[in-house]
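Q: just coords:
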């Protein structure tokens, strides 16, 4: 009874389907337009049910059947092959999709089945696609049915007929081309990595990370990974394919931020790119958790493509020279991303007509970016020379300012020596100490290498030393200085003036009869800087605080210049606590 069903099915198939003469098919001719297919939603059918039921088989004029990410359904394909020659003939039937999960080919004439696919590869598998040998006798017609499923990647079916010798040669050429591609891209990776170690610029590191993600993704997509790099490595879990896509795109935003210098030239756009990797990570996690579909996650990833084009265009508009290389290279990358997206969503595929279009796009993009990064070295050298010239000029400027301030201090000292009024002498001495606090800062800036931050502890020690020399005292006043952070130049100026006022006041008024201690602390607390000066002297009366010029100056500098808060307490001595943001 079973053979009768098969016989009747073949007779009906011959009437409905177009017979494919395999004699002239020798060089990978596509037979998809000559086959019929049926989409088994839910994968409920078996071969017997397919043979017994009258199904609504469909045909297509396309060169591939593309169903996108479809893991629940099975595609049944049927076709008839005919040998019109006067001798037996052998051809290779190739399923030209690296990641088809399972292919079962049924030879209805011999009542045999053959299984292959990504989930059934053996250690002896040496091709990057899935070939089946078909043998036809003289003038024989055979009916075949194929059962195709995907469990990891997009479901796409391409069927081609080859002469065995031609197929073997084509596979060798294909693998050599891919080997050359990966060798070239890996060489560019090593080249840019060496540039990173040479110039210590994070831009090169981000690009190397992106290039590594691209290499890993393409190794997997082409099947080169499990065939040569890690033989026998197969992705049984579809989430690993998502990880490869994630690694491809996650480093793009940090690379663009650094390559185009957006932090200084376009801070708003830089902020968008700063948060983009976090958004991509959230979408990736939602996809892994099954809360959003694959199509939605791919759509979100694709939005980065026009965003990068816009950023490149804007960078070019505002005069960033690196944008030329970026726009040219990113254009090739976008073409590759769009083709991959159209393939994975099942819209259509160009990989049949242009099998190496993705690799060519990636390689051209890598070359253009590498050229741009190489040109960046000249830019960095020029910027370094300009920076060194500016540092020399700034050091000379600080040296001259320090000399001028010392001249002013000398004039005040000469004036003070001619004055007999002790109160007026005290005012002139306070003015000398204030100017000297600023002069010490310019002295340090002239001596140090950095022009952004100074050695704060050394600066404070010089101010304290000047005060001790200008206010001779027979009492023993111990000063305890603790500095655990550094200050920027602007903040150091104001903190130096504040320190001068508070330590001078402590020396003059806090210890009238006895020895004492002055505690100075500068440290960080949750992104803020805390600056505290306290003593164990006699303190002061609260109602007289507003009458003291020094304390008024301290409060003004704290609130107006440092944009912070100032708390002054007088209990068991005097304590001044200032809190401000670190810059």
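A: On my side now, so go ahead. Model, not experiment: these values are computed from the prediction.
Q: for the spatially most central residue of the chain, give me phi and psi.
A: Geometric centre of the chain, nearest residue: residue 251, 1.8 Å, by C-alpha atoms, centre = their mean. Backbone torsions for residue 251, taken as degrees, to the nearest 10, come to phi -100, psi 0.
Q: isn't it right next to residue 206, touching?
A: Yes: here residue 251 reaches residue 206: they are 5.4 Å apart, a contact under C-beta atoms under 8 Å. The C-beta positions use only the backbone N, C-alpha and C, and glycine is treated the same way.
Q: where does the stretch 101-250 of the chain dip in pLDDT?
A: Residue ranges of the stretch 101-250 of the chain with pLDDT under 70: 122-123, 231-239.
Q: and the strands in it?
A: Along the stretch 101-250 of the chain, the stretches classed as strands by DSSP state E, counting those that start in this stretch are 102-107, 112-116, 130-136, 141-149, 155-157, 159-162.
Q: okay, these in CSV with distance to residue 491 and mean neighbour count next?
A: Converted to CSV, the strands of the stretch 101-250 of the chain look like this (distance: least, C-beta to C-beta, whole Å; neighbours: other C-beta atoms under 10 Å):
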stretch, distance to residue 491, mean neighbour count
strand 102-107, 67, 19
strand 112-116, 70, 14
strand 130-136, 68, 17
strand 141-149, 66, 21
strand 155-157, 62, 24
strand 159-162, 71, 22
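Q: and residue 481, which of the ones you listed is closest to it?
A: strand 155-157 (71.8 Å; C-beta to C-beta).
Q: just checking: what are the partner strands of the closest one?
A: strand 65-68 (antiparallel) (DSSP bridges).
Q: for the helix or strand that the partner strand is followed by, which outside residues touch it?
A: Downstream of strand 65-68, the next assigned helix or strand under DSSP states H and E is strand 74-82. Strand 74-82 is contacted by residues 13-14, 17-22, 31, 34-40, 43, 45, 50, 55, 57, 65, 67, 91, 134, 136, 139-149, 155, 157, 159 when judged by C-beta atoms under 8 Å, 6 or more residues apart in numbering.
Q: could you list the buried residues of the helix or strand following strand 74-82?
A: Using DSSP H and E, the helix or strand that follows strand 74-82 in sequence is strand 89-95. Going by neighbour count (16 or more other C-beta atoms under 10 Å), the buried part of strand 89-95 is 89, 91-95.
Q: likewise stretch 307-325?
A: Using 16+ other C-beta under 10 Å as the test for burial, stretch 307-325 gives 307-308, 311-312, 314-316, 320, 322-323, 325.
Q: same check, this time on stretch 114-125
A: Neighbour counts over stretch 114-125 (16+ other C-beta under 10 Å) mark 116-119, 121 as buried.
Q: start to end distance for that stretch?
A: 15 Å (C-alpha to C-alpha, to the nearest Å).
Q: want to throw the strands of the stretch 101-250 of the chain into a markdown table with distance to residue 518?
A: Formatted as a markdown table, the strands of the stretch 101-250 of the chain follow (distance: least, C-beta to C-beta, whole Å):
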| stretch | distance to residue 518 |
| --- | --- |
| strand 102-107 | 81 |
| strand 112-116 | 84 |
| strand 130-136 | 83 |
| strand 141-149 | 81 |
| strand 155-157 | 78 |
| strand 159-162 | 88 |
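Q: looking at the ones you listed, which is nearest to residue 359?
A: If you check each of the strands of the stretch 101-250 of the chain against residue 359 by C-beta to C-beta, strand 155-157 wins as the nearest, at 17.5 Å.
Q: I'd say residue 146 and residue 108 touch.
A: No: at 11.3 Å, residue 146 does not count as touching residue 108 under the criterion of C-beta under 8 Å.
Q: of the strands of the stretch 101-250 of the chain, which is nearest residue 466?
A: strand 155-157 (79.6 Å).
Q: return the distance of the closest one from the chain's centre.
A: 31 Å (C-alpha atoms, centre = their mean, to the nearest Å).
Q: residue 188 and residue 373: what is the separation?
A: 10 Å (C-beta to C-beta, to the nearest Å).
Q: before we move on, what about residue 512?
A: 68 Å.
Q: more neighbours, the two?
A: The neighbour comparison of residue 512 against residue 373 (other C-beta atoms under 10 Å) goes to residue 373, with 24 against 10.
Q: can you tell me the element the more buried one falls in?
A: Secondary structure from DSSP H and E places residue 373 in helix 357-417.
Q: contacting residues for residue 521?
A: Taking C-beta under 8 Å, 6+ apart, one finds 482-483, 530-533 in contact with residue 521.
Q: returning to what we had before: take the buried residues of stretch 307-325 and keep only those in strands.
A: In strands, judged by DSSP state E, none of the buried residues of stretch 307-325 are found.
Q: list the buried residues of stretch 28-48.
A: 28, 30-32, 34-38, 40, 45.
Q: okay if I get these as CSV plus secondary structure?
A: Shown next, in CSV, are the buried residues of stretch 28-48 (DSSP: H, G, I helix; E, B strand; the rest coil):
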residue, secondary structure
28, strand
30, strand
31, coil
32, helix
34, helix
35, coil
36, strand
37, strand
38, strand
40, strand
45, coil
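Q: with respect to residue 571, which of these is nearest?
A: Residue 571 has its nearest neighbour among the buried residues of stretch 28-48 in residue 40, at 85.2 Å by C-beta to C-beta.
Q: for the spatially most distant residue from the centre of the chain, give its distance to residue 262.
A: Most distant residue from the mean C-alpha position of the chain: residue 420, 70.5 Å away (C-alpha atoms, centre = their mean). Distance of residue 420 to residue 262, given as C-beta to C-beta: 64 Å.
Q: ok, residue 126 next?
A: For residue 126 relative to residue 262 (C-beta to C-beta), the value is 48 Å.
Q: neighbour-wise, which of these two wins?
A: residue 262 (22 against 10).
Q: let me see the contact set for the closest residue to the more buried one other than its chain neighbours.
A: Nearest in space to residue 262, with sequence neighbours left out and distances taken as C-beta to C-beta, 6 or more residues apart in numbering, is residue 270 at 3.9 Å. Applying C-beta under 8 Å, 6+ apart to residue 270 gives the contacts 257, 262-263.
Q: with pLDDT added, can I get the residues you listed in a markdown table?
A: Output for the contacts of residue 270, formatted as a markdown table (pLDDT from 0 to 100):
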| residue | pLDDT |
| --- | --- |
| 257 | 90 |
| 262 | 89 |
| 263 | 86 |
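Q: let's have those residues in TSV, adding secondary structure and distance to residue 175.
A: Shown next, in TSV, are the contacts of residue 270 (DSSP: H, G, I helix; E, B strand; the rest coil; distance: C-beta to C-beta, whole Å):
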residue	secondary structure	distance to residue 175
257	helix	38
262	helix	41
263	helix	44
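Q: just send these back as JSON lines, with distance to residue 365 too.
A: Shown next, in JSON lines, are the contacts of residue 270 (distance: C-beta to C-beta, whole Å):
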{"residue": "257", "distance to residue 365": "18"}
{"residue": "262", "distance to residue 365": "20"}
{"residue": "263", "distance to residue 365": "24"}
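Q: count of neighbours near residue 193?
A: Residue 193: 17 surrounding residues under other C-beta under 10 Å.
Q: gap between it and residue 292?
A: Residue 193 is 35 Å from residue 292, by C-beta to C-beta.
Q: so where's the stretch 251-400 of the chain uncertain?
A: Using pLDDT under 70, the stretch 251-400 of the chain drops low at 336-355, 379-380, 382-400.
Q: swap in 80 and give it another go.
A: Under the criterion pLDDT under 80, the flagged ranges of the stretch 251-400 of the chain are 293-295, 298, 302, 305, 330-362, 371-400.
Q: follow-up on the earlier one: so which of the contacts of residue 521 is the most crowded?
A: Going by other C-beta under 10 Å, residue 531 tops these with 26 neighbours.
Q: what strand or helix carries it?
A: For residue 531, the host element (DSSP H and E) is strand 528-535.
Q: who does that strand pair up with?
A: Strand 528-535 has these strand partners (DSSP bridges): strand 516-525 (antiparallel), strand 574-581 (antiparallel).
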